[in-house]
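Undergrad: how would this look folded up:
(chains A and B)
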Amino acid sequence: MFKIKEKTNLAHDVHSMVVDAPYVARKALPGQFVILRYGEEGERIPLTIADSDPDEGSVRLIFQEVGKSTMMYGGLSAGDSFDDLVGPLGIPSHLEKLGLVVCVGGGIGIAPIHPVARGFKEAGSKVVSILGARSKKLLILEEEMKKGSTEVKICTDDGSYGEKGFVTNLLEDMIKKGEPIDLVMAIGPVPMMEAVSRLTKPYEIKTLVSLNPIMVDGTGMCGACRVTVGDEIKFVCVDGPDFDGHKVDFEELRVRQRMYLKDEREAIEALTYIGE
Amino acid sequence: MTETKEKIPRQGMPEQAPEERKTNFTEVPLGYSPETAMLEAQRCIQCKKPRCVAGCPVGIDIPGFIKAIEDGDFASSIKILKENNALPAVCGRVCPQEDQCEILCVIGVKEEPVAVGRLERFAADWEMAQKGSDLPEVAPPTGKKVAVVGAGPAGLTVAGDLIVKGHEVTVFEALHKPGGVLVYGIPEFRLPNEIVDYEINNLESLGVKVIPNVVVGRTFTIRELMEEEGFDTVFLGVGAGLPWFMGIPGENLNGVYSANEYLTRANLMRATRFPKYDTPIMRGKRVAVIGGGNVAMDAARTALRMGSESIVVYRRSRNEMPARIEEIHHAEEEGIEFHFLCNPTRILGDDEGSVKAMECIQMELGEPDDSGRRRPVPIKGSEFIMDVDVVIVSVGTGASPLLTQSTPGLELNKWGYVEVDEKTGATSLPGVYAGGDIVRGAATVILAMGDGRLASRAMNAYIMGEELETESEE
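TA: Below you'll find the predicted structure:
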């Protein structure tokens, strides 16, 4: 059992949990994820590791309530336990000293980009982070990102905080100003990662995206997480999660993520019906 | 005396009727009664030099355990089985006996061979029904630590063999439940989960520690297990890796599964009981399974039980199917449609990216290929469209890259599987052994167990600093 040591609410339906997982904490590196399972009937849910503390033997996970499982997780408190937590999975992000790295985090994607930004900064890179959210109250980890970056730019869809507009607007400004960007790292909703990749492609700015497709085992056995990258089939759980954004077939990924939409609705209805 | 024995016909296995079983997930063969088992056991003529034993990858004393059944001494029978087989209830159900022990049975020359598998299952089930099995004796502690990576048939065999030698044995499993292919792959109508749980409980009662949720290669490296965690030897039984797809257009459409994924959802995750269980699965109206192996049969029969029309598409003819005859037979009885000499060329999707049909081409058999089977060749212009909404690809699996990525010095063969010494299972790393699908590619439960058996002897010798005795009769 993997005990929840701390739980905080970061925004409307976004939660942060610190979970006891000594083996995972010792090994976790930025970019890696875990798979969680709660309850006898629970499904296996992949979540990126937002932070890890090897001394405390814990990992921090940040998630948004989007389906039945994450809604259930949202109802858990400190002291409750996950039945299963396995990891760290995936290949860690390649952190190195570069001139200028732009880390783009959209919505809940700010959580996984945070350790990446911090890692690049610690490696000696200049890190500009561009954070986007629908509105001010949904923006998470602003303080942490400020600490982990050289500079932070913020935008909201409704203009309630920072610039009004999308992360691509701010990134485009930087590109147009001729800032010498060595790498763009983008994590967020698929349309955002696609838009960022489309923007940087004509400028030939190396762009990495972190993909979060549907997974089952997460250890390279089932093939559920396959994506098309260039003309190759890649398995996100063992080949990723970071891929060249200029080569990812985002349209296919978007369609595949909708595979169980109907079932997800049914599961949520069943959950509310039982009234648990 | 021999003459009278040969007059007893091979005893049939009582089974759930096809009409009934195709709507449930409970086991199809129901097992022998004690009377039937004793009658069948009488058919064994107790050869002085039993050929059947030579066909058994773990070298069970087959005439010995059958004699005990004949005598009605079921307790001795299971004891004899367990001397060489850690998982008799599993093997009695899923071993391809018809290609191993039974094919060599002398009785089989003139009539049907002795039903070794059914008798093995009988003895194991009898013991389970007694509640509280007779555990083998464990040797005094040696102070040596053994790590087994992967709680499937190979790993569990090693664990069972080495715990009784007095070693401290820890089994690490990547998934949340131990059993490997026995729980994620093989469906309950062939191997009920409670049987696997029972066997694992027995191992735990002997002192084996089973730790789920550990991915060796990620959570620990092999080097860390040996240098930091203090294990004296490591067995790698991590199983098969990534599924192969066919490389045809449309394979990433929604509704296309690897057999691994489909079966994992249905078995391990219990998606057949969605939404009570949280993991969903697509229930097609018409499901096509591509391939002709046991895994393909399992997938097709699972789809049928979820209420789909179920079709098997295989590019060779019935004679070349690698699946067990019994499985093919069961599938046919249940009403699964077989399309032989038929190969998919592309999968067609609707506007939403979901499967709506599959284009196939007719094949004919040409010259034999490397495997000795006649190579299927497409017949030009014979393409046709098959209406299906779920496609399950069951054409094999490759090597898992996870372990090998993180283990410098571990030698692999050209297919990416772990290279081992055939007689000992030793890898290129001292103290590290391997067996099962990570060595063989996709094979069977019993071959994995045979590998485990071989490796456990070598591992025991290695940690005890003893010379490995080579047993000539094997």
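Undergrad: residue ranges in the stretch 1-150 of chain B under the pLDDT threshold?
TA: Counting by pLDDT under 70, the stretch 1-150 of chain B contains low-confidence ranges at B:1-6, B:132-133.
Undergrad: for chain A, what's the nearest residue on it?
TA: For the stretch 1-150 of chain B, the nearest residue to chain A under the criterion C-beta to the nearest C-beta is residue B:150, separated by 10.6 Å. For every residue, glycine as well, the C-beta is placed using N, CA and C.
Undergrad: report the contact partners of that residue.
TA: Residues near residue B:150 by C-beta atoms under 8 Å, 6 or more residues apart in numbering or on different chains: B:171-174, B:180, B:236-239, B:436, B:438.
Undergrad: try residue B:261
TA: Contacts for residue B:261 (C-beta under 8 Å, 6+ apart) come out as A:216, A:222-224, B:243.
Undergrad: for the residues you listed, which one is nearest residue A:165?
TA: Nearest to residue A:165 among the contacts of residue B:261: residue A:224, at 35.2 Å, using C-beta to C-beta.
Undergrad: picking up where we left off before, contacts with chain A among the contacts of residue B:150, please.
TA: The overlap between the contacts of residue B:150 and the neighbours of chain A (C-beta under 8 Å from any C-beta of the partner chain) comes to B:174, B:239.
Undergrad: farthest-separated two in the contacts of residue B:261?
TA: Top of the distance list for the contacts of residue B:261 (C-beta to C-beta): A:216 and B:243, 11.5 Å.
Undergrad: joint contacts of these two?
TA: Residues touching both residue A:216 and residue B:243 comprise A:222, B:261, with contact defined as C-beta under 8 Å, 6+ apart.
Undergrad: flag every buried residue along the helix or strand hosting residue A:7.
TA: The secondary structure element spanning residue A:7 is strand A:2-11 (assigned by DSSP states H and E). Using 16 or more other C-beta atoms under 10 Å in any protein chain shown as the burial criterion, the residues of strand A:2-11 that qualify are A:2, A:4-5, A:7, A:10-11.
Undergrad: please apply the same query to stretch B:309-318.
TA: Burial within stretch B:309-318, assessed by neighbour count using 16+ other C-beta under 10 Å, is assigned to B:309-317.
Undergrad: list of residues touching that stretch?
TA: Everything outside stretch B:309-318 that qualifies as a contact, by C-beta under 8 Å, 6+ apart, is B:285-292, B:296-297, B:300-301, B:303-304, B:321, B:328, B:331, B:335-344, B:358, B:360, B:363, B:365, B:373-374, B:376, B:386, B:388.
Undergrad: the stretch 51-200 of chain A against chain B: which residues are in contact?
TA: Within the stretch 51-200 of chain A, the positions near chain B by C-beta under 8 Å from any C-beta are A:68-69, A:83-89.
Undergrad: narrow the residues you listed to those in strands?
TA: For those, the ones inside strands are A:84-89, with DSSP state E as the criterion.
Undergrad: can you redo the residues you listed as TSV with pLDDT?
TA: Below are those laid out as TSV (pLDDT from 0 to 100):
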residue	pLDDT
A:84	97
A:85	97
A:86	97
A:87	93
A:88	96
A:89	96
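Undergrad: put the buried members of these into a PyMOL selection.
TA: This is the PyMOL syntax for the buried subset of those, where burial follows 16+ other C-beta under 10 Å:
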select buried, chain A and resi 84+85+86+87+88+89
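Undergrad: closest one of the ones in strands among the residues of the stretch 51-200 of chain A next to chain B to residue A:148?
TA: Among those, residue A:88 lies closest to residue A:148 (C-beta to C-beta), at 19.1 Å.
Undergrad: appreciated, that's everything.
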